[in-house]
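> sequence and predicted model, in that order:
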Amino acid sequence: MTPSDPSQPVRVAALYRFARLDAFETLRAPLAAFCCGRGIKGTLLLAHEGINGTVAGSEEAIAELIDCIEAIDGLAGLEVKFSSAADMPFHRMKVRLKREIVTMGVEDIDPVASAGTYVAPADWNALISEPDTIVIDTRNAYEVSIGTFKGAVDPATASFREFPGWVEAHREELEGRKVAMFCTGGIRCEKATAYVKSLGFKDVFHLKGGILKYLEEVPAEQSLWQGECFVFDERVSVSHGLAEGDAQLCRACRHPLTASELASPRYAAGISCPHCFDARTDEDRQRYAERQRQVELAQARGKGPHIGS
């Protein structure tokens, strides 16, 4: 766990655990009550295959929540990545019931029994630098756009559901090579490695703890990471040491934006960006402009971020 920092009082925990939860529906209400009673906000997903989510709160509250979850049968040994934020990065607390805690849409994939080989962050550089290793970013294209590992393949997927199709289309390129996969916190690549192994591939690896653990543990001067890592909260991105990044979110299309994209003439706060400008009409932009005006009015009145933002 990262040390306390008075300037970053909010503890953020990205967590998951693949486990068989036969009665996962019964966990929804008590977990929601537990979090709301302690001022925790964020999202937890529950399914037959386990738990996944990112939540934020005080250091004490998050520690209590981790203990609470790990006390549930099957959920001991949570994979957790901690970081911090100056302000609460979520608007509300949600506990949702899902078919999958990370949606791939392929039946009978069991990461508990058949995930690839874990590779610690300290050993990741050596693996991905080997000439017979193909490195695959299992995240979606909008996440990859602001940062990825040097030399990594971008499948250019719009959702994780598209990943199995991409693998099928590129099987020949993977044959006879070490396949190393990574994602933000480890959950997607854990499921992705189980899928790839189900196709008969043997040398399949994934980054333990994901990009977040790598950025926390590997010094910037030794890093093969380029850019920033997109995160699913109001921080938008983090960099080495899990410091809050410089990327911002387009409030019209939710695409993360780099400094150069923010400088584009097609960018207008809350209205458009280079990624959505051509897909929007003038009427759309007028509607977004009014919404942005309401956001700014709410902030000027001292009400904090408008919920529509």
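That came in fine, so what should we check first?
> and Ala56, what does it touch?
Residues near Ala56 by Cβ atoms under 8 Å, 6 or more residues apart in numbering: 10-13, 40-42, 62, 85, 88-90, 233. Glycine gets a C-beta too; all of them are placed from N, C-alpha and C.
> list the buried ones in the longest helix along the chain?
Scanning the chain for the helix with the most residues, using DSSP state H, yields helix 282-300. Across helix 282-300, burial judged by 16 or more other Cβ atoms under 10 Å covers 285, 288, 291-292, 295, 298.
> export the contacts of Ala56 to CSV and tack on distance to Tyr118?
Listed next are the contacts of Ala56 as CSV, based on distance: Cβ to Cβ, whole Å:
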residue, distance to Tyr118
Val10, 29
Arg11, 25
Val12, 23
Ala13, 20
Ile40, 29
Lys41, 30
Gly42, 26
Ile62, 24
Ala85, 28
Met88, 32
Pro89, 28
Phe90, 29
Asp233, 26
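> sort out for me which of those are in helices.
Judged by DSSP H, helices contain the following of the contacts of Ala56: Ile62.
> among the contacts of Ala56, which are located in strands?
Those of the contacts of Ala56 mapping onto strands are 10-13, 41-42, 85, per DSSP state E.
> so what's the spatially closest residue to Ala56 that is not a sequence neighbour bridging to?
In this structure, Ala56 finds its nearest non-sequential neighbour in Val12, 4.6 Å apart by Cβ to Cβ, 6 or more residues apart in numbering. In this entry, Val12 is beta-bridged to Ala56, Ser83, by DSSP bridges.
> so where's the stretch 101-250 of the chain uncertain?
Within the stretch 101-250 of the chain, no stretch has pLDDT under 70.
> so where do the strands sit in the stretch 51-200 of the chain?
79-85, 93-97, 117-119, 133-137, 147-149, 178-182 (DSSP state E, counting those that start in this stretch).
> in a markdown table: the ones you listed, plus distance to Leu249 and mean neighbour count.
Listed next are the strands of the stretch 51-200 of the chain as a markdown table, based on distance: least, Cβ to Cβ, whole Å; neighbours: other Cβ atoms under 10 Å:
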| stretch | distance to Leu249 | mean neighbour count |
| --- | --- | --- |
| strand 79-85 | 15 | 21 |
| strand 93-97 | 19 | 17 |
| strand 117-119 | 31 | 17 |
| strand 133-137 | 20 | 21 |
| strand 147-149 | 15 | 22 |
| strand 178-182 | 23 | 24 |
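> turn these into JSON lines, including distance to His206.
Below are these laid out as JSON lines (distance: least, Cβ to Cβ, whole Å):
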{"stretch": "strand 79-85", "distance to His206": "12"}
{"stretch": "strand 93-97", "distance to His206": "25"}
{"stretch": "strand 117-119", "distance to His206": "7"}
{"stretch": "strand 133-137", "distance to His206": "10"}
{"stretch": "strand 147-149", "distance to His206": "12"}
{"stretch": "strand 178-182", "distance to His206": "5"}
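> determine which of those strands approaches Ala33 most closely.
For these, proximity to Ala33 was assessed by Cβ to Cβ; strand 93-97 is nearest, at 9.4 Å.
> how about the helices in the stretch 51-200 of the chain?
59-70, 111-114, 121-128, 141-144, 163-169, 171-174, 187-198 (DSSP state H, counting those that start in this stretch).
> return the distance of the third one from the chain's centre.
In terms of Cα atoms, centre = their mean, to the nearest Å, the centre of helix 121-128 is found 21 Å from the chain centre.
> show me what it is packed against.
Helices and strands touching helix 121-128, by 3 or more Cβ pairs under 8 Å, 6 or more residues apart in numbering; DSSP states H and E, are strand 178-182, strand 204-207, helix 210-217.
> give me the contact list for the second one.
Defining contact as Cβ under 8 Å, 6+ apart, one finds that strand 204-207 is touched by 115-119, 121, 124, 127, 178-183, 186, 189-190, 192-193, 196-197, 213-214.
> name every strand pairing with it and say which way it goes.
If you go by DSSP bridges, strand 204-207 pairs up with strand 117-119 (parallel), strand 178-182 (parallel).
> which residues touch the last one?
Taking contacts as Cβ under 8 Å, 6+ apart, the residues outside strand 178-182 that touch it are 116, 119, 124, 127-128, 130, 132-138, 149, 152, 189, 192-193, 196, 201, 203-207, 210-211, 214.
> filter those residues down to the buried ones, ChimeraX style.
Restricted to buried positions by 16+ other Cβ under 10 Å, the ChimeraX selection for the contacts of strand 178-182 reads:
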select :116,119,124,127,128,133,134,135,136,137,138,149,152,189,192,193,196,201,204,205,206,207,210,211,214
